[in-house]
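*Asks:* pasting a predicted model and its sequence here:
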Amino acid sequence: MSEPIIVFDNVTKEYTLYKNDQERFRALFFKNKKAKINKALSGVSFALDKGEAVGVIGDNGAGKSTLLKLITGVAFPTEGSVTVKGKVAALLELTAGFSMQMTGRENIYLKGYILGLTDKEIKRLEERIVEFAELGDYIDQPVRTYSSGMKMRLGFAINVNIEPDVLVIDEALSVGDATFKKKCKQKIADTIKSGVTVLYVSHNAESVRELCTRALYMKKGTLVFDGPTDEALRIYQDDKAKKTKK
Amino acid sequence: MFSIFKEHKGFGKQIMLLAVNDLKKTYKGAAIGPLWAVIKPAFTLFVYWFAFSVGLKSAGDISWAGQEFPRFVFMLVGFIPWFFITDSITLGAKSIRMNQQYVTKVSFPVSTIMTFTALARLFVHLFLSVIMYVILLCYGYMPSVYNLQFFLYCPLMYMFFVMLTWSTAPMAAFSKDFENMIVSIMSGIFWLTGVIYNSYDLGIPWLEKAMLLNPINFFVNGYRNAFIYNTWFFENKLELIIFLAEFVLVFALGIFNYNRLRKRLPDVL
């Protein structure tokens, strides 16, 4: 057993809901005890080892997105701690964080710096990314001139080729035409094989079973089950069946 | 405590790129693009000069430190730092909201947003300063050793107003009301600052002292010290001490507010 790369220790994430803008303004200066609080995650603990491929399943509003946001470092826990070692690449919103005025190439550097890479490392990866994105001469044009498919291709190319330690994937991912989609699927499969830790969020039982050996089942902000994929899926489907019976 | 410094580490080149990018965003799509960076302030300056020199004839030349200065020259040297200050305060306050994709979509060193926003304005400021210097030469103000104080006042000004946005930008991102408040206040602050009049010479001693509390006056007067008054920055000791105290205060408040709000930003934007 290698040492864990992602550790969630009793993580709780609360969102404060302000009734209106006045209350929001007040909250800048005073502590607000009346404000409604929405618990998106409560007391979630787990650890992922290096090289594991783990599925995250659950209904809408179960806290899957919040979980991913905490891992990618966009959001911060209210209580508990989240430890992530290494670079995290996310195949969620592929065009996120692009600067529209910059060229595709400059955006590669921007993304690289955000992930903590040095000039030298980015230079080494640059050609591979450019090649994968299949943008041709457009790579030196501002991103605002790209079609939405081109933007996604660039986003995908950067995230999978930047040699991440953790790859976060949302199943509801669309990356242009069938040929490119196939290439992406292949790349994801290769990446998983190469020993990168993968978190895969999906509603689709089949694809989770196909890619992951372990699964986390989330329900209303709590972690209900953490274990072998088959068992997690069985519990999930049982729960669903119970719900429909009611 | 020093998360802001940590966020800047290794991000220098990127801040440069983002600042240039910010300028492109501001001036793209216009036929004469970057020229607007000069035309807009030039027109503002002309309007105020017209109002005060032609309209209100009583507001004639300025005499200070035993010298006479044409109203235009006096106003020009005051306006150059003012343009930077007003832009960096209002645009700085809006900066996080304007760049919210960096806060809500990726893990980004958020405090660098304020740094590159102000840096973009600094480029414009440096350009305008060169133009100002040429105009002053044409008016017969010869280069002097006092001019070198520009290299003290200018970086200090940049730092001071970036530090101010450590407080204002997260707060404005949190509440739009706060942002509107800052924009409204700034239009009033102009008249409380000695840009078109001399805050040293109001004829009411206590008021002249009170004016020293406005840090913008420190820079407006500082530029005049450097370019037309031929005075050293340490000659007005009270002004310097008040400013340094404010510098420390703004720094501490900035660190406090940024750290207090940073982790809540992705939830509210």
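*Replies:* On my side now, so go ahead. Residues are numbered from 1 along each chain as shown, chains lettered A, B, ... in the order given.
*Asks:* which of the helices or strands spans the residue nearest the centre of chain B?
*Replies:* The centroid of chain B falls nearest to residue B:85 when counting by Cα atoms, centre = their mean (1.7 Å). Using DSSP states H and E, residue B:85 sits within helix B:71-98.
*Asks:* report the contact partners of the closest residue to residue B:85 other than its chain neighbours.
*Replies:* Excluding the flanking residues, the one nearest residue B:85 by Cβ to Cβ, 6 or more residues apart in numbering or on different chains is residue B:216, at 5.5 Å. (Glycine included, C-beta is placed from N, CA and C.) Residue B:216 is in contact with B:81-82, B:85, B:189, B:193, counting by Cβ atoms under 8 Å, 6 or more residues apart in numbering or on different chains.
*Asks:* try residue A:144
*Replies:* Counted by Cβ under 8 Å, 6+ apart, residue A:144 has contacts A:100-101.
*Asks:* what's the local residue count around residue A:212?
*Replies:* Residue A:212 has 23 neighbours, counted by other Cβ atoms under 10 Å in any protein chain shown.
*Asks:* how about the contacts made by it?
*Replies:* Counting by Cβ under 8 Å, 6+ apart, residue A:212 touches A:53-55, A:198, A:200, A:229.
*Asks:* what's the angle from the helix or strand encompassing residue B:17 to helix B:71-98?
*Replies:* For residue B:17, the host element (DSSP H and E) is helix B:12-27. Computed by axes from the mean of the first three to the mean of the last three Cα atoms, to 10 degrees, the angle separating helix B:12-27 from helix B:71-98 equals 110 degrees.
*Asks:* residue B:151: neighbour count?
*Replies:* Residue B:151 has 10 nearby residues by other Cβ under 10 Å.
*Asks:* quick check: the gap between the residue nearest to the spatial centre of chain A and residue A:4.
*Replies:* For chain A, the residue nearest the mean C-alpha position is residue A:168 (3.8 Å; Cα atoms, centre = their mean). Residue A:168 is 16 Å from residue A:4, where distance means Cβ to Cβ, to the nearest Å.
*Asks:* still on that earlier bit, widest-spaced pair of the contacts of residue B:216?
*Replies:* By the measure Cβ to Cβ, B:81 and B:189 form the most distant pair in the contacts of residue B:216, at 13.3 Å.
*Asks:* who's more crowded, the two?
*Replies:* The neighbour count for residue B:81 versus residue B:189, taken as other Cβ under 10 Å, is higher for residue B:81 (26 against 17).
*Asks:* quick one: that one and residue B:217 touch, right?
*Replies:* No. With contacts counted by Cβ atoms under 8 Å, residue B:81 stays clear of residue B:217, the gap being 10.1 Å.
*Asks:* how about residue B:269, nearest residue that isn't a chain neighbour?
*Replies:* residue B:100 (4.7 Å).
*Asks:* that neighbour and residue B:174 touch, don't they?
*Replies:* No. Checked against Cβ under 8 Å, the pair residue B:100 and residue B:174 is beyond contact range at 11.8 Å.
*Asks:* higher neighbour count, these two?
*Replies:* Each of residue B:100 and residue B:174 had its neighbours counted (other Cβ under 10 Å), and the higher figure belongs to residue B:174 (24 against 15).
*Asks:* show me where the chain has its helices.
*Replies:* In the absence of a named chain, chain A is used. For chain A, the helices defined by DSSP state H occupy A:21-27, A:64-72, A:104-114, A:119-133, A:148-161, A:178-193, A:205-211, A:229-245.
*Asks:* look at chain B instead
*Replies:* Taking DSSP H, the helices of chain B run over residues B:3-8, B:12-27, B:36-49, B:71-98, B:100-104, B:111-138, B:150-174, B:176-192, B:205-211, B:215-224, B:237-261, B:265-268.
*Asks:* could you list every helix and strand in contact with the first one?
*Replies:* Helices and strands in packing contact with helix B:3-8 are listed as helix B:111-138, helix B:237-261; criterion 3 or more Cβ pairs under 8 Å, 6 or more residues apart in numbering or on different chains; DSSP states H and E.
*Asks:* just the mean pLDDT for that helix, thanks.
*Replies:* The average pLDDT within helix B:3-8 is 83.
*Asks:* and the lowest-mean-pLDDT helix or strand in chain B, which strands flank it?
*Replies:* Every helix and strand of chain B was ranked by mean pLDDT, DSSP states H and E. The lowest is strand B:62-64, at a mean of 77. Strand B:62-64 sits in its sheet next to strand B:67-69 (antiparallel), going by DSSP bridges.
*Asks:* sorry, back to before: mean pLDDT, mean neighbour count and distance to residue B:73 for the helices of chain A - can I get that in JSON lines?
*Replies:* Below are the helices of chain A laid out as JSON lines (pLDDT from 0 to 100; neighbours: other Cβ atoms under 10 Å in any protein chain shown; distance: least, Cβ to Cβ, whole Å):
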{"stretch": "helix A:21-27", "mean pLDDT": "78", "mean neighbour count": "15", "distance to residue B:73": "43"}
{"stretch": "helix A:64-72", "mean pLDDT": "84", "mean neighbour count": "21", "distance to residue B:73": "55"}
{"stretch": "helix A:104-114", "mean pLDDT": "82", "mean neighbour count": "22", "distance to residue B:73": "42"}
{"stretch": "helix A:119-133", "mean pLDDT": "84", "mean neighbour count": "15", "distance to residue B:73": "46"}
{"stretch": "helix A:148-161", "mean pLDDT": "83", "mean neighbour count": "22", "distance to residue B:73": "51"}
{"stretch": "helix A:178-193", "mean pLDDT": "78", "mean neighbour count": "14", "distance to residue B:73": "63"}
{"stretch": "helix A:205-211", "mean pLDDT": "77", "mean neighbour count": "16", "distance to residue B:73": "72"}
{"stretch": "helix A:229-245", "mean pLDDT": "78", "mean neighbour count": "14", "distance to residue B:73": "77"}
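*Asks:* these: which one's closest to residue B:207?
*Replies:* Nearest to residue B:207, of all the helices of chain A, is helix A:21-27, at 32.7 Å by Cβ to Cβ.
*Asks:* please save the CA atoms from the closest one in CSV.
*Replies:* Extracted as CSV, the C-alpha positions of helix A:21-27 are listed here (Å, rounded to 0.1, in the frame of the first residue of the first chain):
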residue,chain,number,x,y,z
ASP,A,21,-28.5,41.8,-0.8
GLN,A,22,-28.9,43.9,2.4
GLU,A,23,-28.1,40.9,4.5
ARG,A,24,-25.1,40.1,2.3
PHE,A,25,-23.8,43.6,2.8
ARG,A,26,-24.3,43.4,6.5
ALA,A,27,-22.5,40.1,6.6
